[in-house]
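> I would like to see how this sequence folds:
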Amino acid sequence: MDKESKAYLSGEFNEFFLESEVGSLAKEDFVEYRKSNLKYWEDQAIVDYATHKSMEEGREIGLELGRKEGKNEEKIAIAKNMLDMGMALELISKATGMSVEELRNL
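Model prediction:
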């Protein structure tokens with residue numbers, strides 16, 4: 001096969017070439033190759049697992065923050081409605097858990 005051929009350049013036969021090279025290794029070299037290959041895949045599995053776990057944790061943190069933000073926005077909307085109704089700041093404060101100062105800033 002010519003190194004300039006389309007099949008060679010496209011990488012179609014890369015797996016074949018690798019198998020050919022591995023198959024021609026001496027027994028000791030083959031054992032070392034397999035150990036190295038196994039170590040690589042073990043390390044890759046650890047990285048993949050850690051990545052997956054951190055993404056899950058990040059998603060959960062994001063959802064929790066979103067819930068808290070949504071509750072806070074809802075509390076503010078309720079407080080604004082109560083203010084519009086002319087309710088006393090102290091009553092709104094007790095109902096929403098917001099301070100009188102926070103209510104004055106709405």
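
> all contacts plus neighbour counts: C-alpha atoms, from now on.
Noted.

> buried stuff in stretch 73-93?
By 16 or more other C-alpha atoms under 10 Å, the buried positions in stretch 73-93 come out as 75, 76, 79, 82, 83, 89, 92, 93.

> and the two most separated of the residues you listed?
75 and 89 (14.1 Å; C-alpha to C-alpha).

> Can you check which helix is longest in the protein?
The longest helix of the chain (DSSP state H) is helix 27-84.

> so after that helix, what's the next helix or strand?
helix 89-96 (DSSP states H and E).

> Quick one: name whatever helix or strand follows that next one.
helix 100-104.

> by how many degrees do the longest helix of the chain and helix 89-96 diverge?
150 degrees (axes from the mean of the first three to the mean of the last three C-alpha atoms, to 10 degrees).

> residue ranges with poor pLDDT in this structure?
For the chain, the stretches flagged by pLDDT under 70 are 1-11.

> one more time with 80, if that's ok
1-17, 19 (pLDDT under 80).

> Quick check, central residue of it?
Residue closest to the mean C-alpha point of the chain, counted by C-alpha atoms, centre = their mean, is residue 55 at 2.6 Å.

> quick revisit: looking at the buried residues of stretch 73-93, which one is closest to residue 67?
For these, the nearest to residue 67 is residue 75 (12.2 Å; C-alpha to C-alpha).
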